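In: Mind looking at a prediction? Sequence and model below.
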Amino acid sequence: MTIGSTVLGYPRIGPRRELKRALESYWAGRSSASELREVARELRTGTWLELRDAGLTSVPGNTFSYYDQVLDTAVTFGAIPERYTELGLDSLDTYFALARGVESTPPLEMTKWFDTNYHYLVPEIGPDTEFRLADRTPIEQYREAAELGVTTRPVLVGPLTFLLLSKSADGAPERFRPLDRLDDLLAAYTELLGELHRRGVEWVQLDEPAFVADRSRQDLEHLRRVYRALGELTERPKLFVPTYFGDPGEALDVLAATPIEAVGVDLVVGTSVRDRLPTVRGLRDKTLVAGLIDGRNIWRADLDSVLSTAATLLGAAGAVAVSTSCSLLHVPYDVAAETNIDPRVEPWLAFARQKVSEVVVAGRALSEGRAGVRDDLTAARSPVADRRTSERLRDEGVRSRLEALRPRDFRRAEYASRREAQQRVLKLPSLPTTTIGSFPQTTDVRKARAALRDGTIDRTAYKQRMTDEIERVVRLQEEIGLDVLVHGEPERNDMVQYFSENMEGFVSTEQGWVQSYGSRCVRPPILFGDVSRPKPITTEWAKKAQGMTDRPVKGMLTGPVTILAWSFVRDDQPLGDTAKQVALAIRDEVSDLEAAGIGVIQVDEPALRELLPLRTEHHAEYLSWAVDAFRLATSGSSETTQIHTHLCYSEFGEIIDAIVSLDADVTSIEAARSRMEVLDDLNAVGFARGIGPGVYDIHSPRVPRAEEIEQLLGAALNSVPVERLWVNPDCGLKTRGYAEVEAALRNTVEATERIRRSL
Ligand code: GLN
Ligand code: ZN
């Protein structure tokens, strides 16, 4: 059978986040491993049956994960560092130790999956890693689906992407690269493919998205060698190798020339790939799995245009199948679960379930002709046209404000004079201590928000509860001895959604959860039209907090790039234009905070790195609009106002110049896990502003000892003069518990005091 219509992957957290609840209950010791396994099994069953019944001709398998598919691949092939196997835990708990750490052993490093907001765990590969078929999950899940009568196509991270995303294990020789182990890993993949073949598996999908980023000659040569070798195996399933999130460039030609049966390309990201397809040699005897339905955004597809694109591809390949551009992991489950979306916007939307139908309809139209799906095509037409022409997309006031912008609207006073002016008002000690903004979100706080939503308490009662919480957080910070305080963000469900709910141009969902990492999900708002801010959003809380203490309280805003990165964004105008609109709204908020007496304002841009295009040739354009947006948001402030920003998720190398261009007075940045390396990178490009390299990793429940923090601060002082160094954790504290947070912050202050005494 050919592939026909398929999706590259599916959400797995559960339509009602069943997996999240089951995981967290297991981790907390409230339920057993077999209860967790049962929830997982039910979720898999539901997905397989749904996808088959929807009419996909090929259903992806092995897309379930207890935490992360890259970690799964490492575990499948036995790439588990010894420090975890030595813990002597059973396989499930070893897996969770890798993902979350245990008291004695921190977890694997975690980083972003390409340019998405999904995080994977970074495998550690060394010269002695023993690759073998160590875990049989892909095989078992094939059988499990088969028993339900569903034939699946096991999906795995491909061997090259796996090694390219891995890092060298500690202690590996300096010249060692994980890719050096390709042949050994390939042997293990070969073994798995053989096993799958013996079980009757017809197709296997090996994802190689790493090839949409710049790759060396040698990487491409490896690609050719790997898929030639796998293709030449006699005992194997058919191989389907997709890339996604971008144009695979030459990798497509390389793949097309190997003896695999199908290649997949993302045709949503741009026209560059599409136009080249007819010239790719070797495609004519393969199936081209055309990623025509956007797997990352939530707009209903224009099926007429999808089909006309598909028609142009027919001559390019032996067969053309329709699929999503990437796994549907990155969109929520089902629009039908929403009860509260503006009825004028809702018809414009398609989540995973709707996208599956779009794939099926397009696939049928392609293989059987349009007649059989005429009604579906007609029904799809009017919402698409309606969105294109809707008046709700435009706000002339916003548009004329944008047109009136001048270069001075993007510039602040000279740093030297800002610095002096700020020092005069703020009078901070050396090595000022602060946090990134949020404090733990207690059940109480969450309950109060829910109670306000469902009307159990009124606004006055809600405000009182939040005020009490803020007071508690302020007192705690004073008592611990922090220098620049925060209000703790108790009123925010999420740093992006909170702002979007208070701006025009957005709608939010109730059930639109998307996995971010492990059991963590986010509910990205939907930015559908021109953005503006009708009235102040945060000033009331900031003012309250400042009124409770003599120490400076930092106002806390989310930056324009991050708001875009963590929303589903309109696709009818350039992102840079949308960014400017959001920036103006934040600029208004900065002014109002200033007017309310807030002297330190942090504009978070944790996602600045995330939106960086995967290919270097597109970096400059992106960074230029991203930096402009930040500067537009912040440069309306006076010179005495200290502007902070916060960046996380390491690997700052490629945006290091942009960090300088942001021109923030103080930048707090993730650094603990990379042991402060980022400071030297910043020095190398002449960064000369305040810097707060995170002194401990907040992603793990582990409490750092004061000695560890002192050591890191010592290391930081080798790179940064004491006048510029700030002390703070790596990121916000909202996902942690109070016990750990208190202990960690006390140790942070103690370490700082020790260093201050030694100066
Ligand atoms: N101010 C935010 C917080 O502390 C920043 C979060 C982030 O960087 N992701 O929660
Ligand atoms: Zn952060």
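Out: All right, it came through fine. Ligands and ions are numbered 1, 2, ... in the order given.

In: okay, CA-based contacts and neighbour counts for the rest of this
Out: Will do.

In: What residues does this structure have near ligand 1?
Out: Counting by CA under 6 Å from any ligand atom, the residues of the chain lying close to ligand 1 are 436-438, 604, 606, 648, 731-734.

In: In terms of model confidence, name the weakest of those residues.
Out: Looking at pLDDT alone, these dip lowest at Cys648, where the score is 87.

In: contacting residues for it?
Out: Contacts were defined as CA atoms under 8 Å, 6 or more residues apart in numbering; by that measure Cys648 touches 606-607, 669-670, 730-731.

In: Single out the residue in the chain that lies closest to ligand 1.
Out: With distances taken as CA to the nearest ligand atom, the chain approaches ligand 1 most closely at Gly732, which sits 3.0 Å away.

In: For that residue, pull up the helix or strand it's in.
Out: Using DSSP states H and E, Gly732 maps to neither a helix nor a strand.

In: Which phi and psi values does it adopt?
Out: For Gly732, the backbone dihedrals are phi -70, psi 160 (criterion: degrees, to the nearest 10).

In: Quick one: residues contacting it.
Out: Residues near Gly732 by CA under 8 Å, 6+ apart: 435-439, 698.

In: can you redo these as JSON lines with secondary structure and neighbour count?
Out: Rendered in JSON lines, the data for the contacts of Gly732 read as follows (DSSP: H, G, I helix; E, B strand; the rest coil; neighbours: other CA atoms under 10 Å):
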{"residue": "Thr435", "secondary structure": "coil", "neighbour count": "25"}
{"residue": "Ile436", "secondary structure": "coil", "neighbour count": "27"}
{"residue": "Gly437", "secondary structure": "coil", "neighbour count": "22"}
{"residue": "Ser438", "secondary structure": "strand", "neighbour count": "22"}
{"residue": "Phe439", "secondary structure": "coil", "neighbour count": "23"}
{"residue": "Ile698", "secondary structure": "coil", "neighbour count": "23"}
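
In: now the residues you listed as CSV including distance to ligand 2?
Out: Compiled in CSV, the contacts of Gly732 are given as follows (distance: CA to the ion, whole Å):
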residue, distance to ligand 2
Thr435, 10
Ile436, 7
Gly437, 9
Ser438, 10
Phe439, 13
Ile698, 9
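
In: Pro107: which of the residues of the chain next to ligand 1 is nearest?
Out: Distance to Pro107, by CA to CA, is smallest for Cys731 among the residues of the chain next to ligand 1, at 16.7 Å.

In: before we move on, back to that, what two of the contacts of Gly732 are the furthest from one another?
Out: Gly437 and Ile698 (12.6 Å).

In: which residues do these two both contact?
Out: By CA under 8 Å, 6+ apart, Gly437 and Ile698 have these common neighbours: 732-733.

In: pull the CA atoms of stretch 619-627 into PDB?
Out: Presented in PDB, the C-alpha positions along stretch 619-627 are these (Å, rounded to 0.1, in the frame of the first residue of the first chain):
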ATOM      1  CA  HIS A 619      19.100  35.300  10.600                       C
ATOM      2  CA  ALA A 620      19.900  38.900   9.900                       C
ATOM      3  CA  GLU A 621      16.400  39.700   8.700                       C
ATOM      4  CA  TYR A 622      14.800  38.100  11.700                       C
ATOM      5  CA  LEU A 623      17.100  39.600  14.300                       C
ATOM      6  CA  SER A 624      16.600  43.000  12.800                       C
ATOM      7  CA  TRP A 625      12.900  43.000  13.300                       C
ATOM      8  CA  ALA A 626      13.100  41.200  16.600                       C
ATOM      9  CA  VAL A 627      15.500  43.700  18.100                       C
END
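
In: what's next to that stretch, contact-wise?
Out: 561, 576, 579, 608, 612-613, 655, 658, 661-662.

In: and the helix or strand harbouring Trp48, which residues are buried?
Out: According to DSSP H and E, Trp48 maps onto helix 33-54. Neighbour-count burial for helix 33-54, with 16 or more other CA atoms under 10 Å as criterion, is recorded at 36-37, 39-40, 43-44, 47-48, 51-52, 54.

In: would you turn those into CSV with pLDDT and distance to ligand 2?
Out: Listed next are those as CSV, based on pLDDT from 0 to 100; distance: CA to the ion, whole Å:
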residue, pLDDT, distance to ligand 2
Leu36, 98, 30
Arg37, 98, 32
Val39, 98, 32
Ala40, 98, 30
Leu43, 98, 31
Arg44, 98, 33
Thr47, 98, 33
Trp48, 98, 36
Leu51, 98, 36
Arg52, 98, 40
Ala54, 98, 40
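
In: With distance to Met503 added, can I get those in a markdown table?
Out: Below are the buried residues of helix 33-54 laid out as a markdown table (distance: CA to CA, whole Å):
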| residue | distance to Met503 |
| --- | --- |
| Leu36 | 39 |
| Arg37 | 42 |
| Val39 | 38 |
| Ala40 | 38 |
| Leu43 | 36 |
| Arg44 | 38 |
| Thr47 | 35 |
| Trp48 | 39 |
| Leu51 | 36 |
| Arg52 | 40 |
| Ala54 | 37 |
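
In: Enumerate every residue touching Val496.
Out: Contacts of Val496 were listed using CA under 8 Å, 6+ apart, and they are 524-525, 558, 562-563, 566-567.

In: give me the residue from the chain nearest ligand 2.
Out: With CA to the ion as the measure, Cys731 is the residue of the chain nearest to ligand 2, at 3.7 Å.

In: Disregarding flanking residues, what is the spatial nearest neighbour of that residue?
Out: Among residues not flanking Cys731 along the chain, Ile436 sits closest, at 5.5 Å (CA to CA, 6 or more residues apart in numbering).

In: mind listing what that neighbour touches?
Out: Ile436 makes contact with 486, 646, 668, 728-733, according to CA under 8 Å, 6+ apart.

In: Need the pLDDT of the nearest residue to Arg411 once chain neighbours are set aside.
Out: Across the structure, with CA to CA, 6+ apart as the measure, the residue nearest Arg411 apart from its sequence neighbours is Ser635 (5.5 Å). Residue-level confidence at Ser635 comes out at 98, pLDDT.

In: go on, Ile341?
Out: On the pLDDT scale, Ile341 is placed at 95.
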